[in-house]
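**Student:** Show me the folded form of this:
(one chain, ligands or ions: 3)
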Amino acid sequence: MNVTQITFSEFLLSERSQHKLDKDLIFLLEDIATSCRIISHQIRGGAFAGKLGATKSTNVQGETQKQLDVIANEVFVRHCSNCGRVAALVLEEVDEIYWLKDKPEAGDYLVYFDPLDGSSNLDVNLSVGSIFSISQLPTAIDATDDRSILRAGSEQISAGYSVYGPSTSLVVTTGNGVNGFTHQQGTGEFRLTFPDMLIPETTAEFAINASRYSLWHPPVRRYFDECIRGKDGPRNKAFNMRWTASMVAEVHRILIRGGVFLYPSDAGNISSGGKLRLMYEANPMAFVIEQAGGAASTGTNRILDVQPTSHHQRVPVILGSKEEVTVLDRYHRES
Ligand SMILES: O=P(O)(O)OC[C@H]1O[C@](O)(COP(=O)(O)O)[C@@H](O)[C@@H]1O
Ligand SMILES: [Mg+2]
Ligand SMILES: [Mg+2]
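**Tutor:** Residues are numbered from 1 along each chain as shown. Ligands and ions are numbered 1, 2, ... in the order given. Okay, here's the model as predicted:
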């Protein structure tokens, strides 16, 4: 069968037989895909339903919530609570952990969501997305214990994201490489359009919010200063810069054509540990990036090795083409 005809369900069945995936994981991934379809539909109709603006509330991170942040959150809660193996949901928009079982068993799933990433882009009709991560409880627990959801990223069994851009994409890893699907209008199916995604090892494109230059630490300034000196600078390369203010869109571009994305800790965010959240932004993206042959670092550690201490924890993020992440790690060591 032509790759573009393979549906997400068919793909999951073949992954299941090749890699012995648990059938409940397949059901959960189907529920996540259904949620992404619904959210995509809600975003595309948002202007008609008056759903693009902000709510009057702020989330646990003190950020003003968009109406669609709240809607996307509800969609994931409603559709991903059905699979009997899900023990808990951790969501960006909700302070507490949402336990679905009183006495979770070994192997039960812990699912982490950024229901809508880059939501400041909604009002201006630019790309946004959803991010998910799935881990398992290593042992049964007698009663719910919030510390048991603090799993390192290296324990993820699946992760991915959906981008709601000119088309809706779904990109997924189950630890066996990375595959990308496009939502087909009409049939409503996600079809395999980007099999075996691989990130080029070298790149001449970086993404950072350069308005924070005055807040950056020396290694990040050094990297940026060298990049913008172009061919005549120490890197001998004419670098290009991008910033979409939506991590999903940045990661998707890097998966398609390479590049490096940075949201480092700086003088403005160091007291919180950085900007991006470990459990539902950094970890899932790091897993996808590594599975596609890239690298993901805090500047001093591999992101997937960071031991979480709280479920809304923030970390510095540097990810993408290996060569650039290696340069940035070295600049951090040398500083
Ligand atoms: O506005 P800034 O500082 O450029 O930050 C943009 C970053 O913030 C985020 O939008 C945070 O995501 P949320 O919309 O889920 O809070 C990232 O997607 C993006 O990389
Ligand atoms: Mg986000
Ligand atoms: Mg979000």
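**Student:** how far does stretch 291-302 sit from the chain's center?
**Tutor:** Here stretch 291-302 is found 14 Å from its chain centre; the criterion is Cα atoms, centre = their mean, to the nearest Å.
**Student:** what does this structure have sitting close to ligand 1?
**Tutor:** Glu63, Glu92, Asp114, Asp117, Gly118, Ser119, Asn209, Ala245, Ser246, Met247, Tyr263 (Cβ under 6 Å from any ligand atom). Heads up, the C-betas are built off the backbone N, CA and C, glycines and all.
**Student:** Now restrict the residues you listed to buried residues only.
**Tutor:** Glu92, Asp114, Asp117, Gly118, Ser119, Ala245, Ser246, Met247, Tyr263 (16 or more other Cβ atoms under 10 Å).
**Student:** when you check ligand 3, which of the residues you listed turn up near it?
**Tutor:** Here is what survives when those are matched to ligand 3 using Cβ under 5 Å from the ion: Glu92, Asp114, Asp117.
**Student:** The residue of the chain found nearest ligand 2 bridge partners, please.
**Tutor:** Residue nearest to ligand 2 within the chain (Cβ to the ion): Asp117, separated by 3.4 Å. For Asp117, the beta-bridge partners are Gly129 (DSSP bridges).
**Student:** and the gap between it and Tyr331?
**Tutor:** The gap separating Asp117 from Tyr331 is 27 Å, by Cβ to Cβ, to the nearest Å.
**Student:** Longest helix in the chain, please.
**Tutor:** Using DSSP state H to define each element, the chain has its longest helix at helix 23-44.
**Student:** Surely Thr187 is within a strand?
**Tutor:** No: applying DSSP: H, G, I helix; E, B strand; the rest coil, one finds Thr187 to be coil, outside a strand.
**Student:** neighbours around it, how many?
**Tutor:** For Thr187, the count of nearby residues is 9 (other Cβ atoms under 10 Å).
**Student:** which parts of the stretch 51-200 of the chain sit against ligand 2?
**Tutor:** Counting by Cβ under 5 Å from the ion, the residues of the stretch 51-200 of the chain close to ligand 2 are Asp114, Asp117.
**Student:** Please enumerate the strands of the stretch 51-200 of the chain.
**Tutor:** In the stretch 51-200 of the chain, the strands defined using DSSP state E, counting those that start in this stretch lie at 54-58, 64-66, 86-91, 98-99, 109-117, 128-136, 158-164, 168-173, 178-183, 190-194.
**Student:** before we move on, the earlier item: could I get the residues of the chain next to ligand 1 as CSV with distance to Tyr98?
**Tutor:** Converted to CSV, those look like this (distance: Cβ to Cβ, whole Å):
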residue, distance to Tyr98
Glu63, 19
Glu92, 12
Asp114, 15
Asp117, 19
Gly118, 23
Ser119, 20
Asn209, 31
Ala245, 28
Ser246, 25
Met247, 23
Tyr263, 26
